[in-house]
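> Would you be able to build a 3D model of this:
(one chain, ligands or ions: 1)
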Amino acid sequence: MSEPEDFAARLDRFATRFATALDAQLTAEALVGPGTPPERLVAAMRHGALNGGKRLRPFLTVEAAGLFGVTETEAMPAALAVEFIHCYSLIHDDLPAMDDDDLRRGQPTVHRAYDEATAILAGDALLTHAFGLLAKKACHSDPAIRAALVAELVAGSGGGGMAGGQMRDLEGEKGGFTTNDIAEMQQMKTGALIRSAVRLGALLGGASLDQLKALTTFGEEAGHAFQLADDILDLTASSEAMGKATGKDHQRQKPTLVSRIGLDAARRHLGDTVHHALSALMMFGPEADTLRQTARYFAEREN
Ligand code: GRG
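Reported below is the predicted structural model:
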């Protein structure tokens, strides 16, 4: 079997195991509070999270933690937290006030399957649950590490990360963005959470400063590759393959790096970015091979 097939099978097996962990978290019993979570809210959260995502961010967390001997089970709470943030962001991104999409992961978006208010609340509850998972002792025995994980996910998902990037994206639709503005917006909107996914694993594993720095660079370059590939796929892939509407950026004349530099230059830039991601892992041996394959997969993926 060739290397990409091995990797795809490995990612697939992880996604299956991960779905079991997600499923266990998204129940009325797991969503703790002084009251009983409404069935409709739990169902909408499940619709937004248990619907066949590739689970790339939690995979990165588990693989980065694995470099330091942390097992998948030990890394699972942090991995779940990053995926909950991702799923909330997709639910909110699909809302009429944002991208107004009907299809996600090949199924009706949460506001289509339920309604807008339920979709907003399902996103809110997933977001909140993510931080609850990091705060629990099951995530890590050391409270200082748990606090560092919370701070890390705040950085990746908040105003200076994903949510800020989404705001910049909305501003950019009005025009006037330079190529640098687009790159910064994308680093925040998509890159920051991918960077965090890797750093969460490194923090769980007690990485040294040098190791954390190297893995941060890897996460940044991998995040950039992921976004560039996404922009390219928006132009070149079918909506069946992607499980969501494609060509929307192009139709709306939304500024992307591909629209600025063209498809061929974007593909070359993507190759360079993957090369930078791989170079960042130079201090690690074969134990980092799956991370290396993940960066390549980000660039070569077909959906
Ligand atoms: C609403 C706060 C807020 C943020 C939204 C992530 C995001 C920010 C918007 C999503 C829009 C989008 C399609 C961005 C491109 C990159 C991206 C996040 C693609 C989807 O991620 P995948 O391919 O999805 O990992 P799956 O379904 O596999 O999980």
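> Please give the element, helix or strand, for the residue of the stretch 201-303 of the chain found nearest the ligand.
The minimum distance from the stretch 201-303 of the chain to the ligand, using Cβ to the nearest ligand atom, falls at Asp230 (4.5 Å). For every residue, glycine as well, the C-beta is placed using N, CA and C. Asp230 belongs to helix 209-236 when assigned by DSSP states H and E.
> Next: Gly69.
Assigned by DSSP H and E, Gly69 falls within no helix or strand.
> what number of residues lie near the nearest residue to it once chain neighbours are set aside?
Take Gly69 and drop its neighbours on the chain: the residue closest to it by Cβ to Cβ, 6 or more residues apart in numbering is Gly205, 7.1 Å away. Number of residues near Gly205 (other Cβ atoms under 10 Å) recorded here: 20.
> one step back: which residue sits closest to the residue of the stretch 201-303 of the chain closest to the ligand in space, ignoring its chain neighbours?
Among residues not flanking Asp230 along the chain, Thr190 sits closest, at 7.1 Å (Cβ to Cβ, 6+ apart).
> In this structure that neighbour contacts Glu220, no?
No. Contact criterion Cβ atoms under 8 Å: Thr190 and Glu220 do not qualify, at 11.2 Å.
> By mean pLDDT, point me to the weakest helix or strand of this structure.
Every helix and strand in the chain was compared by mean pLDDT, DSSP states H and E; the lowest is helix 239-242, with a mean of 64.
> secondary structure class for Gly160?
Secondary structure state of Gly160, per DSSP: H, G, I helix; E, B strand; the rest coil, is coil.
> list the contacts for the closest residue to it other than its chain neighbours?
Excluding its sequence neighbours, the residue lying closest to Gly160 (Cβ to Cβ, 6+ apart) is Met188, at 7.3 Å. Residues in contact with Met188 (Cβ atoms under 8 Å, 6 or more residues apart in numbering) are 160-162, 164-165, 168.
> Is it correct that Met188 falls within a helix?
Yes. Assessed with three-state DSSP, Met188 lies in a helix.
> Please tell me how far it sits from the ligand.
According to Cβ to the nearest ligand atom, to the nearest Å, Met188 and the ligand sit 9 Å apart.
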